[in-house]
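Visitor: Provided below are the primary sequence and the corresponding predicted coordinates.
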Amino acid sequence: MSDSDTRLLMLIDDEPAQSRLISALAAREGWRTLVVQDSETAIATLGTREGMQLSAIILDQWVPGDDACALIGELKSRRPALPLLMLTTSASPVLAVEAMRAGATDYLIKPVSPDRLMLALRSATTRETPADELAPLTEKMEATLDFDAMIGTSPEFRTALAKAAKAARGHGHVLLEGETGTGKEMIVRAMHAASPRSKAPLRLVNVAGMPAASLESLLFGHEKGAFPGAFDRQIGAMQQCDGGTLVLDEVDHLPPEVQERLAEAIAKGQVRPIGARHAFKIDLRLIACTNAPLDELVAAGDFREDLRSGLAATRIILPALRDRGRDIGRLTRFFLKRIGEQPGLRELGITDGALALLSAYDWPGNVRQLQSVLFRAAVYADGDALTADDFPQLLELIGELAPAADDTPTHEGIGIQLYTEDGNLRPLEEIEADVIRLAIGHYRGRMTEVARRLGIGRSTLYRKLSDLGIDNAA
C-alpha cells in the first residue's frame, strides 16, 4: 500500500498493550497510528504538520478521566470535521449522551471487538456513509430477551422468530444467518433465556480474524507442552460450556483445519484438546452465526458440507430491514420509547415526514443502524418530536419527501399485516399463517400452549407448521 493510501490515526492512550493492539488492528485496514499519552500532547499535536494529516482520533476516556468530554470539545473546536471515537469501560447512557453532545462521533465499550473497532473507523471516515449521522454506535441499551417483545410483522421475520422460539426449547444445534445488524445476537440471547440451558454457561466466540492455531486452542483447549509456548494446560471453550451454549459468531471465517476438527467433534459429541491422548464427552449446544449464506460457501468449496449439516439442525434466516419496510414505523417508536428511558434523555415522538424519510432509506446496517441513527437524533433534538430536519444526512442522501396525509389509513393490524400494498385484504391463509407464527413467538415455542390459545388440536397445529415450513425446528 502506498503512503498516499495510508490514513493517519491519533490514539490518545497511556496503556501500552492496548495501544499496540489497536495499532495492529488499524494497520490491517491501512491506517498508520500515532500514539500520544496525555491530553496536552494530543492538543499540541493537532497543530503540527503530522497533526494536519490526521483522518481520525481515538480517545481512551481513562486518560483525561472526568475531563473526557472537555477534551473532546477542545479537540473538536480545533478540528471540527475530524471524526473522534471514545473508548470507555462504562456502559452508562449518560456518558454516551455527554460524549456525543461534546462532539464524539462514536462510543466504544471496552473490550471492543476487532470487527466493531474497524466498522466504527470505516463508518466514521467513509464518504459514502455520512459520518455524523450514520455511524453505527455501540448499543447503549440492554438487549431485549423476550421473543414476544420483538417487533416485526413481515412473514420472513415471523417465520424466523417462530423457528427460534421452537428451537430454543430443544437441544439441537442452530445455524443463524443474516446480514450484520439484523438482530442475530438478540435472537441468540432470547433463545438462551428461553431454553432448558438458561442457567448453564453461555459464551460467544468471534472467530473472524483469529489465527487458526489460536482459534483451535481456544475452542478445543490444549495440554501443557502440546506446542511451543504451551506452558500450562488450557481448557477449551467447548469444555467450559459443557451443559450450556457456545455461540460461534462469523462461523463462515473458520479456517479449514478448524472446520475439520469441529465437524468431527459435533459428529462424535466429543472434544479432544491439542496434545491430549483421550477425548472428553460433552453435552453442548452450538449456535453458529454467519453474515454470509453457508450454502454458497459450500458450493464454492470454502466450507465443509458435513460441518454445515452438523450445525444446521435448525436453520434460521433473518431478513434484512430493507425487506421489512412495514416494520420501520413500529421499530422506530419502540426504539424512541427505550431511548427516552435512558438517563439524560426523554421520550420523543416522530412526525410523518420523518417516518417517510426513514422508510425511504435502505439501511445497509439494518436494525442496529436504525437504532443508532435514532439515538444520535434524540441526543441533539430540541423539540418534542423528531422531524425530517433531525436527520440532515438522510435528507442529503434521499431528498425531501412529502409526508403522508393524516387521514391516510395505514392498513396495519396489531402485529399482523392485514392489507396488501394496493389496499386489498390479504388471503385468509396468509393471515392465519402470521397468527400462528406470532403465537409461537409469544408463547416461546410451548406448542401445547400455542394450540390451546389458538383453540386447535396439537395435531392440527403441527400440520399447519408443516405447511409453513417450520416443522423441522429442533
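Guide: Noted; the coordinates are in hand.
Visitor: which residues touch the nearest residue to Pro201 once chain neighbours are set aside?
Guide: In space, and not counting its chain neighbours, Pro201 is closest to Gly244: 3.7 Å by C-beta to C-beta, 6 or more residues apart in numbering. Where you see a C-beta, it was placed from the backbone N, CA and C, and this is true even at glycine. With contacts defined as C-beta atoms under 8 Å, 6 or more residues apart in numbering, the neighbours of Gly244 are 197, 200-203, 284-285.
Visitor: ditto for Gly51
Guide: 10, 45 are the contacts of Gly51 under C-beta under 8 Å, 6+ apart.
Visitor: that one and Leu84: what is the separation?
Guide: For Gly51, the distance to Leu84 (C-beta to C-beta, to the nearest Å) stands at 14 Å.
Visitor: how many residues are close by Glu40?
Guide: Taking other C-beta atoms under 10 Å as the neighbour definition, Glu40 ends up with a count of 10.
Visitor: residues contacting the host helix or strand of it, please?
Guide: Assessed by DSSP states H and E, Glu40 sits inside helix 39-46. Contacts of helix 39-46 with the rest of the structure, by C-beta under 8 Å, 6+ apart, involve 10, 12, 34, 36, 51-52, 54, 57, 59, 63-64, 67, 71, 74-75, 78-79.
Visitor: can I get that helix in CSV, CA atoms only?
Guide: As requested, C-alpha coordinates have been extracted for helix 39-46 and formatted as CSV (Å, rounded to 0.1, in the frame of the first residue of the first chain):
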residue,chain,number,x,y,z
SER,A,39,-4.3,15.4,26.7
GLU,A,40,-1.7,18.2,26.4
THR,A,41,0.3,16.3,23.8
ALA,A,42,-2.8,15.5,21.9
ILE,A,43,-3.9,19.1,21.6
ALA,A,44,-0.3,20.2,20.7
THR,A,45,-0.1,17.5,18.0
LEU,A,46,-3.1,18.9,16.2
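Visitor: average pLDDT for it?
Guide: For helix 39-46, mean pLDDT rounds to 91.
Visitor: please apply the same query to stretch 193-212.
Guide: Per-residue scores along stretch 193-212 average to 86.
Visitor: first vs last residue of it, how far apart are they?
Guide: The stretch stretch 193-212 measures 31 Å between its terminal residues, going by C-alpha to C-alpha, to the nearest Å.
Visitor: give me the buried positions along that stretch.
Guide: 194-195, 197, 200, 202, 204-207, 210 (16 or more other C-beta atoms under 10 Å).
Visitor: returning to that earlier point: what's the following helix or strand after the helix holding Glu40?
Guide: Proceeding C-terminally, helix 39-46 gives way to strand 54-60 as the next helix or strand, assigned by DSSP H and E.
Visitor: that following strand versus helix 39-46: what angle between them?
Guide: Inter-element angle recorded for strand 54-60 and helix 39-46: 180 degrees (by axes from the mean of the first three to the mean of the last three C-alpha atoms, to 10 degrees).
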